[in-house]
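> Sharing a model that was predicted from the sequence below.
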Amino acid sequence: GQQLNQSPQSMFIQEGEDVSMNCTSSSIFNTWLWYKQDPGEGPVLLIALYKAGELTSNGRLTAQFGITRKDSFLNISASIPSDVGIYFCAGRESGGSNYKLTFGKGTLLTVNP
Amino acid sequence: DTAVSQTPKYLVTQMGNDKSIKCEQNLGHDTMYWYKQDSKKFLKIMFSYNNKELIINETVPNRFSPKSPDKAHLNLHINSLELGDSAVYFCASSRQGSNSPLHFGNGTRLTVT
């Protein structure tokens, strides 16, 4: 089935630095979502994107739906220790099932105070 | 005001046993899901139900049997548990429709010994 390539797999940064991660697919997607998972909890929605080129912010987080509809990125500015966690991209393939959300393999973010 | 709640949070059992995980959502959503997260944190869809009807069965062994008594509940029963079933199982729900993000429960960590 469809797989998403998410990179990097992990990042180790200093507090205050900016972070960027991205996701690519081999086919066109009509929805891109970004989630964060803290230890022992379920993924929590950060940003949802529905149109090619869409740029959406949520506080220090900004995400974009790529023009080609095959990629998306997430930026975190001025990182803080509580940004630590696993970030997942997820998307729905255009022409695929509306009920199937495919996830990337996650980016593990560690922030050094 | 828990949105998606699943029980139990931890489940330790021996090979060959049968166990169930329960999930309830109070968001008024029509669609519910089960996802499996392996030791590498990869999230993979198992089942999707819409209005109590099975929509997606992602090549899951038939030892896994979901049951949706009503729109707000989706339980997962597993027969003849195997070591490889050890994982974190997440329930999720969404509104019907292609653009609806998923809301996840906090997971059930299943350990089969």
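Now that the structure is in, tell me what you want to look at.

> Now name the helix or strand holding residue 20.
In the absence of a named chain, this looks at chain A. strand A:19-24 (DSSP states H and E).

> hm, I was asking about chain B
Here B:Ser20, judged by DSSP H and E, is contained in strand B:19-25.

> Run through who's touching the very next helix or strand once past that strand.
The helix or strand immediately downstream of strand B:19-25 is strand B:31-37, counting by DSSP H and E. Here strand B:31-37 makes contact (Cβ atoms under 8 Å, 6 or more residues apart in numbering or on different chains) with A:99, A:101, B:23, B:25, B:43-51, B:55-56, B:66, B:68, B:71, B:73-74, B:76, B:87-96, B:100, B:102, B:104, B:107. Every C-beta, even on glycine, is put in place using the N, C-alpha and C of the backbone.

> try 7 Å this time
The contact list for strand B:31-37 (Cβ atoms under 7 Å, 6 or more residues apart in numbering or on different chains) reads A:99, B:23, B:25, B:43-50, B:66, B:68, B:74, B:76, B:87-94, B:96, B:102.

> Make a ChimeraX selection of the buried ones in these.
Buried residues within the contacts of strand B:31-37, by 16 or more other Cβ atoms under 10 Å in any protein chain shown, are selected in ChimeraX with:
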select /A:99 /B:23,25,43,45,46,47,48,49,50,66,68,74,76,87,88,89,90,91,92,93,94,102
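
> Got phi/psi on the closest residue to chain B within chain A?
Proximity to chain B, evaluated over chain A using Cβ to the nearest Cβ, is greatest for A:Gly42 at 3.3 Å. Main-chain torsions, A:Gly42, degrees, to the nearest 10: phi -90, psi 160.
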